[in-house]
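Participant: Sequence isn't available, so here's the structure alone:
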DNA sequence: CTTGCATACATAATGGCATTAGGTATATAA
DNA sequence: TTATATACCTAATGCCATTATGTATGCAAG
């Protein structure tokens, strides 16, 4: 189980990253996250949809209802230009924190 | 600026990691975090102290008031055995999420 | 000698956001 | 026809960083 805080920190970059590969819809995103994480991240739909709505409100993603070939209605999300920039910012943030942790986790961490 | 969510996700592992190098006190931890992160992480004391209290309540760290050589009272925190285990668990969690993100950030990410 | 800054700890109020639990609807396989 | 997978939505709850505020000491500048 991944802690609540870590889930909170990773949902946004993960969703934006997935949408960078092309439009996608909620239900599929959940499956994709599960697969990519090797089953470690199992998002609930009740968790995902509010995040998608917030990302759209912030104009990082846009949505469009479509009927798939199977004849099912789906809400497809697409990354906006603003969303691409936001993803880059998120990536930088994540990496800088990760590097700080990596330093601390080295066999002989630097003392101040 | 690091997002609130990412700060929330990293405070606990960072504090536990710092205390793995020996006992330390609040004010010093803030400086250490700033230095290690290259100035990217600037914790406020109002943020740190409640975290320390919570970690102590959860028995991941213990505290002891001491008078330093300079004659100042300081509350020194030390990692408990439970805290060491918790740190290992936090480390694993972080790394698994990081690896999921790394996959998504590869030049040609795997499609599902 | 007092004024300001760094050191050092603490807590109350606020707001953001994952979690949980509920709800609706369709397609398909048993 | 009944269960399961698909596909979306939202309200209530609780955790926790943030912000603001308070207390106290040591030291250097003027």
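Facilitator: Great, that's in hand. These figures come from a predicted structure and were not determined experimentally.

Participant: going forward, measure contacts between C-alpha atoms and count neighbours the same way
Facilitator: OK.

Participant: Would you mind listing the outside residues contacting the strand or helix carrying residue A:50?
Facilitator: Residue A:50 is part of helix A:45-57 when elements are defined by DSSP states H and E. Helix A:45-57 is contacted by residues A:12, A:26-27, A:30, A:61-63 when judged by C-alpha atoms under 8 Å, 6 or more residues apart in numbering or on different chains.

Participant: can you list the weak-confidence ranges in chain A?
Facilitator: A:108-112 (pLDDT under 70).

Participant: Regarding it, what is its longest helix?
Facilitator: Criterion DSSP state H: the longest helix present in chain A is helix A:81-105.

Participant: Could you identify the most distant pair in the contacts of helix A:45-57?
Facilitator: Pairwise distances across the contacts of helix A:45-57 (C-alpha to C-alpha) peak at 17.9 Å, for the pair A:30 and A:62.

Participant: who in chain A is up against chain B?
Facilitator: Contact residues (C-alpha under 8 Å from any C-alpha of the partner chain) of chain A with chain B: A:1-3, A:5-6, A:8-10, A:13-14, A:17-18, A:32, A:35-37, A:40, A:93-94, A:96-97, A:99-101, A:103-105, A:112.

Participant: again, 7 Å this time
Facilitator: A:2, A:5-6, A:8-9, A:14, A:17, A:32, A:36-37, A:93, A:100-101, A:104, A:112 (C-alpha under 7 Å from any C-alpha of the partner chain).

Participant: which of those residues count as buried?
Facilitator: A:2, A:5-6, A:8-9, A:14, A:17, A:32, A:36-37, A:93, A:100-101, A:104 (16 or more other C-alpha atoms under 10 Å in any protein chain shown).

Participant: circling back to that earlier point, compare the contacts of helix A:45-57 and tell me which is most surrounded.
Facilitator: residue A:61 (24 neighbours; other C-alpha atoms under 10 Å in any protein chain shown).

Participant: DNA strand D versus that one, what's the distance?
Facilitator: Residue A:61 sits 13 Å away from DNA strand D, going by C-alpha to the nearest atom of the strand, to the nearest Å.

Participant: tell me which residues form a beta bridge with that residue?
Facilitator: residue A:79 (DSSP bridges).

Participant: isn't it right up against residue A:83?
Facilitator: Yes - counting by C-alpha atoms under 7 Å, residue A:61 does reach residue A:83; the two are 6.1 Å apart.

Participant: how about the residues of chain A near DNA strand D?
Facilitator: Selection of chain A residues close to DNA strand D by C-alpha under 7 Å from any atom of the strand yields A:5, A:25-28, A:45-47, A:49-50, A:72-76.

Participant: what about residue A:1, neighbour count?
Facilitator: 9.

Participant: For the closest residue to it other than its chain neighbours, grab the count of nearby residues.
Facilitator: Excluding the flanking residues, the one nearest residue A:1 by C-alpha to C-alpha, 6 or more residues apart in numbering or on different chains is residue A:40, at 6.9 Å. Using other C-alpha under 10 Å, residue A:40 is surrounded by 16 other residues.

Participant: do the same with the one 4 residues further on
Facilitator: Taking other C-alpha under 10 Å as the criterion, the count of residues near residue A:44 is 10.

Participant: With residue A:89 instead?
Facilitator: Counted with other C-alpha under 10 Å, residue A:89 comes out at 15.

Participant: just the one 10 residues further on next, same as before
Facilitator: Residues near residue A:99, counting by other C-alpha under 10 Å, number 15.
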